[in-house]
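Q: Got a sequence here, can you model it:
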Amino acid sequence: MTKHIFITGGVVSSLGKGLTAASLGMLLEARGLAVRMQKLDPYLNIDPGTMSPYQHGEVYVLDDGSETDLDLGHYERFTKSPLSHNSSWTTGKIYRNVLRRERQGKYLGKTVQVIPHITNEIKRAIKSLRSKDADIVISEIGGTVGDIESLPFLESIRQFALDTGRENCLYVHLTLVPYLKASAELKTKPTQHSVGRLREIGIQPDILICRTEMPMSDAERSKIGLFCNLDIRNVIEEPDAEFSIYEVPIMLHKRGFDQRVIDFFWNKTGGLPMQLLQPPDLTDWSEILDRLKNPKGSVRIAVVGKYAKHKDAYKSIYESLDHAGIKNNVKIKVTGIPSDELDLAKLGGMDGVLVPGGFGDRGIEGKIETVRYVRENKIPFFGICLGMQCAVIEFARNVCGLDSAHSMEFTPATPYPVITLMDEQRNITDKGGTMRLGSQPAVLTADSTACHCYGKSEITERHRHRFELNNEYREMLQKSGLHIAAASPDGKLVEIVEIPEHPWFVGVQFHPEFKSQPTNPHPLFDGFIAAAVKHRK
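A: Residues are numbered from 1 along each chain as shown. Now for the predicted structure:
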C-alpha cells in the first residue's frame, strides 16, 4: 500500500518546506523507493498563473501545462517524481471542483459544507497520486499552522490517517528555533506552541525538523522532544546551508531524517525490502557539492529583468545558471539589474547577459537597449521568452531599419508589429490559462548553435506565452542576419533565433530553465556559461 508523508510548517512562513520535502524525496529515491510529490496551497487562486511574482515568486510550468508554485521546481530539480496537474492543488481548485459537483446535483440535495465536502475533495486530491508504481506520496501543505485558510487542509490530513491507517501516514512538522543574541540562547517555546496548535487539531507530529541559525544541543532537542511528545531522535536540526541549497539533502541524511522515516514505516507495517535499511548512495550528489565548493574560476552574469530585485521571481533561472556552473566548474556571480533602472556601464564588466521572460511593458525599453548593447559589444547573450522577443524587436529596429518596431502586447498600434498574438488567442479576454502552455515540440536547424548544444535536431520544451514572432517579418529578419534556429514541426511558430556572427547570441521562445537539474544542466544554459567562460578568458 502506498505510504503518505505530510509536511507542515509552523511559527513563520518561508522556512523551506519545499526544499525539505524535495530533499526527503531525493533521499528516499536514493534508497530505491518510487516517490510522488505534491503541493497543497491554501490560497483561493485557481493557480498562481495570474499572480505577481512579488506575491508568490515565479510561476513554474509543468509538461502538461499546469501553472504551479515554485516549490514544484524544487521537486523536479531534486527528484525523478513525475509531476502533473495532480501535483498542485489550491483552495480555489478544490472549491471549483466541489461547486461543479454541486451544480451537477452530485451531492443529492445535501447542504454542501467544508466538512465533509471540502475535506473529502482534498483527500481525493491526495489520493490522486496513488498508484501501483508509487511507494510513497509526499504532500507539502502550504501556509503556516494557525492560519485560518490552512485549517481545511490540516483537518483533511488528520482524517486521512483514520481512513487509511495511522501506520500508513507520517507527519513531519517544520518549525523555527530562533536564536536571541541578547540572551545568547536558542528559544524552543515557538516550536512548542506550533506543535501545540497541531495537537489541538488532532495531529501529533512524528518528526520535527527544526530550522535554526545556531547549532542545537542535545539538551535543547531533549526539551523539545519532552514538550512535543517526541523521541529525541525525531527532533532533527536543519541549519542554514553554507554554500548552496543542494547541501540540504546531505545535511538531513547525516542527521538521520531519511532513516527515521524508514524506521517509522518498517516498525509500523514491516514488509519493506531489506535494502531500504542500508544507507543510500549519495556519491553523485557529493560530487556536485564538491564542484560547488571548489570551482576553478568564476564568471559574471547579469540578469536584466523587471523583477531583478526579487530573486524568487527568477528562481529556476538562477538555479539553472548554477547547474551550468557546476558542469563548467565555475562559480556563477549573478548581478540582478532592474530593466527599468538600466545602467549600461554595469553590463560592460559582464561575461554574459540573460534577459528573462515576463509580462507587462515596465522596463521593456531597458531590455531592448540591453540587447543592443550586448549585440554590438559581442557579449554572450541568452534571451528567454520575452527576452527573445526583445531581441527580435531590437534587431528589427537597429539592423532592419524599422525604427518603430514593437510588440503588439505593448504598442498595439505599432506600424511594425514584429511580435504579435497567436491567431487562436486574439479574441480571448480571460487571462487565466489561455496561453501556449506546457511541453511543445520543435525542430532545430542543423547548422545552429542550439543544435550543437542539444546534440540532436528534435526537442520538446515548456512554454508560457501568448505572443509570437510575426511571420510577416520573418524573411526580412533572416535576410538581415537573424537566423531562425528552430521552429514548430509545422514551421509556423518560431522557437529559437540566433545571430551566427556573434560569439553566442541565442533567444528562445520557451522556458529551458524548467528542465534543468543539478545532475543534468540544460544544454542551452550549459552552452551559455561555456561561452561566458570563453569570453572572460
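Q: among the helices and strands of the chain, which one scores worst on average pLDDT?
A: Of all helical and strand segments in the chain, the minimum by mean pLDDT, DSSP states H and E falls on helix 53-56, at a mean of 81.
Q: Which residue would you name as the spatial centre of the chain?
A: Nearest to the mean C-alpha position of the chain, counting by Cα atoms, centre = their mean, stands G73 at 2.5 Å.
Q: ok, that residue - contacts?
A: For G73, the contacting residues are 58, 60, 315-316, 319, 514, by Cβ atoms under 8 Å, 6 or more residues apart in numbering. Any C-beta I mention is one placed from the backbone N, CA and C, and that applies to glycine too.
Q: Can you tell me the element it falls in?
A: helix 71-78 (DSSP states H and E).
Q: what about the helix or strand just after that helix, distance to the chain center?
A: Sequence order places strand 88-90 as the next helix or strand after helix 71-78, per DSSP H and E. A distance of 14 Å separates the centroid of the chain from that of strand 88-90, by Cα atoms, centre = their mean, to the nearest Å.
Q: Excluding sequence neighbours, find me the nearest residue to G146.
A: By the measure of Cβ to Cβ, 6 or more residues apart in numbering, the closest residue to G146 outside its immediate chain neighbours is R197, 5.3 Å from it.
Q: related to what we said a few turns ago, next, work out how far apart the residue nearest to the centre of the chain and M476 are.
A: Distance from G73 to M476, counting by Cβ to Cβ, to the nearest Å: 38 Å.
Q: pull the CA atoms of the least confident helix or strand of the chain into CSV?
A: What follows is helix 53-56, C-alpha atoms only, in CSV (Å, rounded to 0.1, in the frame of the first residue of the first chain):
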residue,chain,number,x,y,z
PRO,A,53,6.0,37.3,-8.8
TYR,A,54,6.2,39.7,-5.9
GLN,A,55,3.3,37.8,-4.3
HIS,A,56,4.5,34.2,-4.9
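Q: Contact partners for the residue lying farthest from the centre of the chain?
A: Distance from the C-alpha centroid of the chain peaks at G109, with 41.4 Å (Cα atoms, centre = their mean). Listed by Cβ under 8 Å, 6+ apart, G109 has no contact partners.
Q: same thing with I332?
A: 298-299, 301, 321-322, 324-325, 529.
Q: What mean pLDDT does the host helix or strand of it get?
A: Under the criterion of DSSP H and E, I332 resides in strand 331-338. When pLDDT is averaged over strand 331-338, the result is 95.
Q: thinking again about what came up before, in terms of secondary structure, what does the least confident helix or strand of the chain contact?
A: For helix 53-56, there is no helix or strand it packs on, judged by 3 or more Cβ pairs under 8 Å, 6 or more residues apart in numbering; DSSP states H and E.
Q: Touching that helix from outside, list them.
A: Contacts of helix 53-56 (Cβ under 8 Å, 6+ apart): 48, 59, 69-70, 307, 310, 312-313.
Q: follow-up on the earlier one: buried ones among the contacts of I332?
A: The neighbour count (16 or more other Cβ atoms under 10 Å) marks 299, 301, 321-322, 324-325, 529 as buried among the contacts of I332.
Q: contacting residues around the closest residue to E76 other than its chain neighbours?
A: Closest residue in space to E76, ignoring its immediate chain neighbours: L83 at 6.2 Å, by Cβ to Cβ, 6+ apart. Neighbour list for L83: 37, 62-63, 66, 68, 72, 75-76 [criterion: Cβ under 8 Å, 6+ apart].
Q: will you turn those residues into a markdown table that also has neighbour count and pLDDT?
A: As requested, these are arranged in a markdown table below (neighbours: other Cβ atoms under 10 Å; pLDDT from 0 to 100):
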| residue | neighbour count | pLDDT |
| --- | --- | --- |
| M37 | 28 | 97 |
| L62 | 22 | 97 |
| D63 | 18 | 96 |
| S66 | 20 | 95 |
| T68 | 25 | 95 |
| L72 | 25 | 96 |
| Y75 | 29 | 97 |
| E76 | 22 | 97 |
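Q: now, the most widely separated pair of the residues you listed?
A: The largest separation in the contacts of L83, counting by Cβ to Cβ, is between M37 and D63 at 14.3 Å.
Q: give the contact list for the closest residue to K515 other than its chain neighbours.
A: Ranked by Cβ to Cβ, 6+ apart and with sequence neighbours excluded, the top spatial neighbour of K515 is H522, at 5.7 Å. Counting by Cβ under 8 Å, 6+ apart, H522 touches 320, 323-324, 512-513, 515-516.
Q: Extract the CA atoms of the helix holding G73 and return them as CSV.
A: Coordinates of each C-alpha in helix 71-78 appear next as CSV, following Å, rounded to 0.1, in the frame of the first residue of the first chain:
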residue,chain,number,x,y,z
ASP,A,71,8.2,24.6,-4.9
LEU,A,72,7.4,22.1,-7.7
GLY,A,73,10.6,23.3,-9.3
HIS,A,74,12.5,22.1,-6.2
TYR,A,75,10.7,18.7,-6.6
GLU,A,76,11.8,18.3,-10.2
ARG,A,77,15.4,19.5,-9.6
PHE,A,78,15.9,17.1,-6.6
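Q: shaky segments in the stretch 401-537 of the chain?
A: 423-434 (pLDDT under 70).
Q: For it, which segments count as helices?
A: All helices of the stretch 401-537 of the chain, identified by DSSP state H, counting those that start in this stretch, fall at 449-454, 474-479, 523-536.
Q: Show me the contact partners of the first one.
A: Residues outside helix 449-454 that contact it (Cβ under 8 Å, 6+ apart) are 444-445, 457, 485-486, 496, 498, 500, 504, 506, 508, 523-524, 526-527.
Q: Now find how far off-centre that helix is within its chain.
A: 25 Å.
Q: do the same with the longest one
A: Relative to the chain's own centre, helix 523-536 is displaced by 23 Å; criterion: Cα atoms, centre = their mean.
Q: what angle separates that helix from strand 331-338?
A: 100 degrees (axes from the mean of the first three to the mean of the last three Cα atoms, to 10 degrees).
Q: what packs against helix 523-536?
A: strand 298-305, helix 315-328, strand 352-355, strand 381-384, helix 449-454, strand 505-508.
Q: Output these in a markdown table, with distance to H193 appended to each entry.
A: A markdown table is the format used below for those (distance: least, Cβ to Cβ, whole Å):
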| stretch | distance to H193 |
| --- | --- |
| strand 298-305 | 40 |
| helix 315-328 | 31 |
| strand 352-355 | 44 |
| strand 381-384 | 44 |
| helix 449-454 | 52 |
| strand 505-508 | 48 |
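Q: V11: which of those is closest?
A: For V11, the closest of the helices and strands packed on helix 523-536 is helix 315-328, at 23.0 Å, according to Cβ to Cβ.
Q: Keeping just the C-alphas, turn the closest one into PDB.
A: Only the C-alpha atoms of helix 315-328 are listed here, as PDB (Å, rounded to 0.1, in the frame of the first residue of the first chain):
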ATOM      1  CA  LYS A 315      14.200  31.200  -9.100                       C
ATOM      2  CA  SER A 316      14.600  28.500 -11.800                       C
ATOM      3  CA  ILE A 317      16.800  30.700 -13.900                       C
ATOM      4  CA  TYR A 318      19.200  31.300 -11.100                       C
ATOM      5  CA  GLU A 319      19.300  27.600 -10.300                       C
ATOM      6  CA  SER A 320      19.900  26.700 -14.000                       C
ATOM      7  CA  LEU A 321      22.800  29.100 -14.100                       C
ATOM      8  CA  ASP A 322      24.200  27.300 -11.000                       C
ATOM      9  CA  HIS A 323      23.700  23.900 -12.700                       C
ATOM     10  CA  ALA A 324      25.700  25.100 -15.700                       C
ATOM     11  CA  GLY A 325      28.300  26.500 -13.400                       C
ATOM     12  CA  ILE A 326      28.700  23.000 -11.800                       C
ATOM     13  CA  LYS A 327      29.100  21.500 -15.200                       C
ATOM     14  CA  ASN A 328      31.700  24.000 -16.300                       C
END
